[in-house]
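# Compute the structure for the input listed below.
(2 chains)
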Amino acid sequence: MNNMIEIKNLHVDIGDKSILKGLNLSLEAGKVHVIMGPNGAGKSTLSKAIVGHYDVSVKEGEILYKGKSILEEAPEVRALNGIFMSFQNPVEVPGVNNAYFLRTAVNAKRVFEGKEELNAAEFLRASKNIAKELGMKPELINRSLNEGFSGGEKKRNETLQMLMLEPDFIILDEIDSGLDIDALRAVSEGINTIKDGKRTFLIITHYSRILEYVEPDFVHVLKDGKIIKTAGPELVAELEEKGYTTLEES
Amino acid sequence: MQILTLKEGLETLQSFQTKETATAFSRLAELTLPTKKTEGYRYFDIDTLFSKKWQLYRAKKVEISVSDIVEIVDGIVVSAPKEVLVSYSTKRDIDTEHFDALYYLGHILSPEVIQLDCKSDAKIKIVHRFTQASVLLAYRLQIQTSPNISLHIAESFEGCDAKDTFVLYGYDLHVQRDARVEMIKDETLIEGSYTPIYSNFIELEAQSVANIFSFDFGNADGLQLLKAKLEENSTFNAKHLLYAQGNGKRGTISHIVHTQKNAKSFQMAKNILQDKAKGIFDALIKIEKEGGGTKAYQNSQAVLLNDGAYMVSKPQLEIYIDDVEASHGSSIGELDEEQLFYLRSRGIPLQEAKKILILAFANEIIDAIEEKEIQESVHISFENVYYGQSQLECMLSCHNCSDTIIGEQS
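So this is what the prediction gives:
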């Protein structure tokens, strides 16, 4: 089995609070993985640890991405190597033009991969086409990054970034929260567009709504800082029915 | 050429007294010339400037040729557009309640003021050029609008050759009823060239609007003193962007005075301090008893790019009536960590991400300029300074290289 991510005995603190307590998780490449779990279980902390967020402090354990440890790597290096996280609450950055930001990011990745940079026209053409497919208002491309965007617009913008950056490993941290049905459908279609059997997805969610549009291969349950169960998509229905309290660590 | 040591006090200025500057003399006598002690709170080294023996430089007046810009060389107008009425005048409208002695000193040392009369809508570019080294250069501009006109004035400054010169300049801007003025100062200072202290007075008649921008960049010392007097229903917007580097001390000292009812003032200062630079924002909004219905807001934000950078921020409100809306605030800190992380998480390297956020911080002020051509020119000024020392050095010997540099970057 070829794993995109291998997490071994991961202990992570935020501030002086221990959140992840010996988490083990393997994410098979090319598959769609879902992490579900109660509030405060450590789902977002796990995603932050993978992308190198400054909030988290890894005390013990290992995260291997494509077989190599990434714990010492800067967030931008992880991103350039193909890790992407869609933020739960993307920060607003007044004064930074959305298109300028995304073109800078896309070209940083292209340079890293030894490709030619996209010029402004090429970039705008590509980004506007994708934005249109996502149902984004065209003017959002030229606005300040996330500033004044509604919840749905922010999530669509995250999806636009994902589609433009073409990452190998994609973490979607509660991408379905706060979305109306149209936005959920558009974002899901965006995800399905780049599901190619090679990319790996980690969908963090409280709800099964998005899973009606994006079919998972594996469902992992995170509780009290550990993965307590891994199963197929049938687990979603079980969790919907019985909740997390009845699950025991397997 | 007269020799002056300002520290010696009013006696040294007696020979400048005229009928027109009598008010300035009496006010200066009341306020007294600044000393190291009285200016200490401003963190600006006035004592060194005042202790020096200065040659007061006066260029000869020349015939004013026609050009697209108003060009003032060493305090003398050498060219101006045909439609701009330029003259010299001994008469001037001096603010009798200006808070700063240097405003009056500037008037006293300027026997004549340059008068710009604007009778219809106009867009005026003023370039101030300083060519003399080691002199005291004092001159003033008086700008008078007609009622109900729209005026855009962009001022820029060049003085690479004026090493160790002290420039005491300023303007008195009288915005008549229902007129609207946008006034923009764009100045990059380079260590070893001139030291400017500019003292301005802006008087807003009823229902007039003034949008004042100052863009103060570079690694040398400079200070601007600003007083605005607001009459009924007038609006005063002041936006200041400061980016100081090296050992530069740079800042704004202002008094915005609401003298009549229902006037509005908005003042925003953004300060970026690098190396051992020191930024100064010492600003007062005063609402007098007659200022009912006033709305006044003031805010200063500073980003310190490294240890050793320093910001002095002193926002103040002085209110003599209840029926007003007023607020002030000040923040000093580093770049927003969450924003920085967001950019890095998309593969943008740390240093590039920092630059993007700094540009964004600055752009909020620059993008508020109405005139797009001027907005673009200020963007270039900022980026010239921001993207490295090599360009600053280049500007020392070359006035026209910025286009090439920017072209290469893109």
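
# any idea how far B:Ile348 is from the residue in chain A that chain B sits nearest to?
Proximity of chain A to chain B (Cβ to the nearest Cβ) peaks at A:Gly95, 3.0 Å away. C-beta coordinates here come from the backbone N, C-alpha and C atoms, glycine included. Counting by Cβ to Cβ, to the nearest Å, the separation of A:Gly95 from B:Ile348 is 15 Å.

# who's more crowded, those two?
Remark: of A:Gly95 and B:Ile348, B:Ile348 carries more neighbours, 25 against 19, as counted by other Cβ atoms under 10 Å in any protein chain shown.

# could you pull out the helices for chain B?
Ranges of helices in chain B, per DSSP state H, are B:22-31, B:46-51, B:101-108, B:337-344, B:350-366, B:372-386, B:389-397, B:402-409.

# Could you check the angle the third one makes with helix B:22-31?
Spelled out, that is helix B:101-108. Angle between the axes of helix B:101-108 and helix B:22-31 is 150 degrees (criterion: axes from the mean of the first three to the mean of the last three Cα atoms, to 10 degrees).

# got a list of contacts for helix B:101-108?
Residues from elsewhere that reach helix B:101-108 (Cβ atoms under 8 Å, 6 or more residues apart in numbering or on different chains): B:6, B:13, B:16-17, B:21, B:24-25, B:27-28, B:31-34, B:92, B:94-95, B:98, B:113, B:138, B:140, B:168-170, B:197, B:199, B:201, B:225, B:227.

# in which helix or strand would I find A:Thr45?
According to DSSP states H and E, A:Thr45 maps onto helix A:43-51.

# distance between that helix and the chain's centre?
In terms of Cα atoms, centre = their mean, to the nearest Å, the centre of helix A:43-51 is found 9 Å from the chain centre.

# Quick one: name whatever helix or strand follows it.
strand A:56-65.

# Outside of that following strand itself, list whatever touches it.
Taking Cβ under 8 Å, 6+ apart as the rule, strand A:56-65 contacts A:3-14, A:18-19, A:22-23, A:45, A:48-50, A:69-71, A:78, A:81, A:83, A:169.

# What of stretch B:320-328?
Residues contacting stretch B:320-328 (Cβ under 8 Å, 6+ apart): B:258, B:285, B:287-299, B:315-317, B:319.

# change it to 7 Å
B:285, B:287-289, B:291-299, B:315, B:317, B:319 (Cβ atoms under 7 Å, 6 or more residues apart in numbering or on different chains).

# Mean confidence (pLDDT) on that stretch, please.
Averaged over stretch B:320-328, pLDDT sits at 95.

# Report the distance from that stretch to the chain centre.
26 Å.

# List the buried residues in it.
Buried positions in stretch B:320-328, judged by neighbour count with 16 or more other Cβ atoms under 10 Å in any protein chain shown: B:324, B:326, B:328.

# just checking, which of the residues you listed belong to strands?
B:324, B:326, B:328 (DSSP state E).

# Pull up the gap between the nearest residue to B:Leu116 once chain neighbours are set aside and A:Glu189, please.
Among residues not flanking B:Leu116 along the chain, B:Ile143 sits closest, at 4.7 Å (Cβ to Cβ, 6 or more residues apart in numbering or on different chains). Counting by Cβ to Cβ, the separation of B:Ile143 from A:Glu189 is 59 Å.

# More neighbours: these two, which one.
Per other Cβ under 10 Å, whichever of B:Ile143 and A:Glu189 has more neighbours is B:Ile143, with 22 against 15.

# Count the neighbours of B:Ala22 for me.
Neighbourhood size, B:Ala22 [other Cβ under 10 Å]: 12.

# scratch that, A:Ile181
Neighbours around A:Ile181, by other Cβ under 10 Å: 8.

# Output the set of residues of chain B in proximity to chain A.
B:337-339, B:341-342, B:344-350, B:356, B:360-361, B:363-364 (Cβ under 7 Å from any Cβ of the partner chain).

# PyMOL command to pick out the buried ones of those?
Here is the PyMOL selection string for the buried members of those, based on 16+ other Cβ under 10 Å:
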select buried, chain B and resi 338+339+341+342+344+345+346+347+348+349+356+360+361+363+364
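
# Which parts of chain A are strands?
Secondary structure of chain A by DSSP E: the strands cover A:3-14, A:17-28, A:32-36, A:56-65, A:68-69, A:83-86, A:93-97, A:144-145, A:169-173, A:200-204, A:218-223, A:226-231.
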